[in-house]
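In: Here you go, sequence then predicted model.
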Amino acid sequence: MSPAAIVKQAQESGLNALALTDHNCTFNLPVFAEVCAREGMACLYGIEVNVLEEAHVLGLFDCLDSALELGKLVYESLPDVPNQAGILGDQPIVNGKDEILGFAEKTLYGASSLSLHSLLEEVHHLGGLCIPAHIARPTNGIISQLGFIPDEDFDAVELRSGDNPELAGRYPVLRNSDSHFLESIGAVYNELEMESLSVENLMAALSL
Amino acid sequence: MTIADIGKIENMECLQDRYEDRDITDAYTSDLLSDVMANASEYSVLITIQAHKNTVAVATLVGVPAIVICNNRPVDDDVLETAASEGIAVFRTAENQFQSSLRIGEGLKDL
């Protein structure tokens, strides 16, 4: 699923904005930024980190460089296990024309040595939003991993479409598609009003 | 077997010793904290590779007075500080969860 194909599908689904949050890496964010700019699609630059607790947590940024800085830190914190494409699939890095430029060498399936708390501090330090992903999913959600939502300074939590909103406790809720395939892009979305897409405006809209 | 006896096990290092020594009646080996929360019993020693503050939170909730971190996983100071404030002992060993469980099982055998 290349950035160019993702943006095209998002346009066809009627989305006005989207975020790319690859697992444990940001290698495809520069081309995502380029495609979004070319197509006039509002976007946020993200990453879905598998933290030390093996829970998935999103970092969302409106500044590409900040997202890339976090991505570098996360990639360095992954176990030094080379990916074997035959087992877990390949991990291509592409350009705006869907041409493969290279591959992420380490397996992106592993867990970072950054804990939930350390990741949150890094994300906030870089001006991003820290949002535990699919918190009610039976695997790799914060509730399945810990049994509870720790009292941290999360900006929001992500629920799937049918999840009980009470699960979010005191945190604002984002409902996302967590799409891993083109056909599910736009299947779940948030309706939020803001003048332009930024971390600050997103937080203001979520806090209403 | 008491908490202090865990520290006498070969290659076991005590990282947090501000605890009140007491009898250990059981052990629970798991790296999934939601499982620990649901199934570990009070006064058990928790054997795990999950070395972060939320491990201490779950131990506190369940009433686990000692945690053994396996595979020499790094343990941050803030984890030990939180454990100290809860009076939970923290040990660490280079051995894995299976080997550590066997050794602690040996100590619990006479119960």
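Out: Happy to help now that I have it. What you see is a predicted model; the values in this text were computed from it and never measured.
In: how far away is the residue nearest the centre of chain B from chain A?
Out: The geometric centre of chain B, computed from its C-alpha atoms, lies nearest to B:Ile67 (CA atoms, centre = their mean), at 1.4 Å. According to CB to the nearest CB, to the nearest Å, B:Ile67 stands 15 Å off from chain A. For every residue, glycine as well, the C-beta is placed using N, CA and C.
In: so who does that residue touch?
Out: B:Val45, B:Leu46, B:Thr48, B:Thr55, B:Val56, B:Ala59, B:Ala83, B:Ile88, B:Ala89, B:Val90, B:Phe91 (CB atoms under 8 Å, 6 or more residues apart in numbering or on different chains).
In: Tell me the residues of chain A that contact chain B?
Out: Counting by CB under 8 Å from any CB of the partner chain, the residues of chain A lying close to chain B are A:52-53, A:113, A:115-117, A:143-148, A:150.
In: For B:Ser101, give me phi and psi.
Out: The phi and psi values for B:Ser101, taken as degrees, to the nearest 10, are phi -60, psi -40.
In: quick one: the residue nearest to the centre of chain B is in a strand?
Out: Yes. Assessed with DSSP: H, G, I helix; E, B strand; the rest coil, B:Ile67 lies in a strand.
In: Show me the contacts of B:Ile67 that map onto helices.
Out: Judged by DSSP state H, the contacts of B:Ile67 include B:Thr55, B:Val56, B:Ala59, B:Ala83 as members of helices.
In: which strands and helices sit next to the lowest-mean-pLDDT helix or strand in chain B?
Out: The weakest-scoring helix or strand in chain B, judged by mean pLDDT, DSSP states H and E, is helix B:33-39 (a mean of 88). Applying 3 or more CB pairs under 8 Å, 6 or more residues apart in numbering or on different chains; DSSP states H and E, we find helix B:33-39 packed against helix A:142-146, helix B:53-62.
In: name the helices or strands packed onto the last one?
Out: Put plainly, it is helix B:53-62. helix A:142-146, helix B:33-39, strand B:44-48, strand B:66-69, helix B:77-86.
In: How about the shortest one?
Out: Taking 3+ CB pairs under 8 Å, 6+ apart as the contact definition, the neighbouring helices and strands of helix A:142-146 are helix B:33-39, helix B:53-62.
In: one step back: go through the helices and strands packed on helix B:53-62 and name the closest to A:Leu73.
Out: helix B:77-86 (18.6 Å; CB to CB).
In: in chain B, what spans have low per-residue confidence?
Out: B:111 (pLDDT under 70).
In: Residues of chain B that sit close to chain A?
Out: B:32-34, B:36-38, B:50-54, B:57-58, B:74, B:76, B:78.
In: And these, which of them are buried?
Out: The neighbour count (16 or more other CB atoms under 10 Å in any protein chain shown) marks B:Leu32, B:Leu33, B:Ser34, B:Val36, B:Met37, B:Gln50, B:Ala51, B:His52, B:Lys53, B:Asn54, B:Ala57, B:Val58 as buried among the residues of chain B next to chain A.
In: pretty sure the last one contacts B:Leu32?
Out: No. With contacts defined as CB atoms under 8 Å, B:Val58 does not count as touching B:Leu32, sitting 10.2 Å away.
In: Enumerate every residue touching B:Thr55.
Out: Contacts of B:Thr55 by CB under 8 Å, 6+ apart are B:Leu33, B:Leu46, B:Thr48, B:Ile67, B:Val79.
In: At which residues are the strands of chain A located?
Out: Along chain A, counting by DSSP state E, strands occupy A:17-23, A:42-50, A:56-61, A:92-94, A:100-103, A:129-132, A:157-159, A:173-175.
In: Any chance of CSV for those strands, columns mean neighbour count and mean pLDDT?
Out: Shown next, in CSV, are the strands of chain A (neighbours: other CB atoms under 10 Å in any protein chain shown; pLDDT from 0 to 100):
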stretch, mean neighbour count, mean pLDDT
strand A:17-23, 21, 96
strand A:42-50, 24, 98
strand A:56-61, 26, 98
strand A:92-94, 17, 94
strand A:100-103, 11, 94
strand A:129-132, 24, 98
strand A:157-159, 25, 96
strand A:173-175, 19, 94
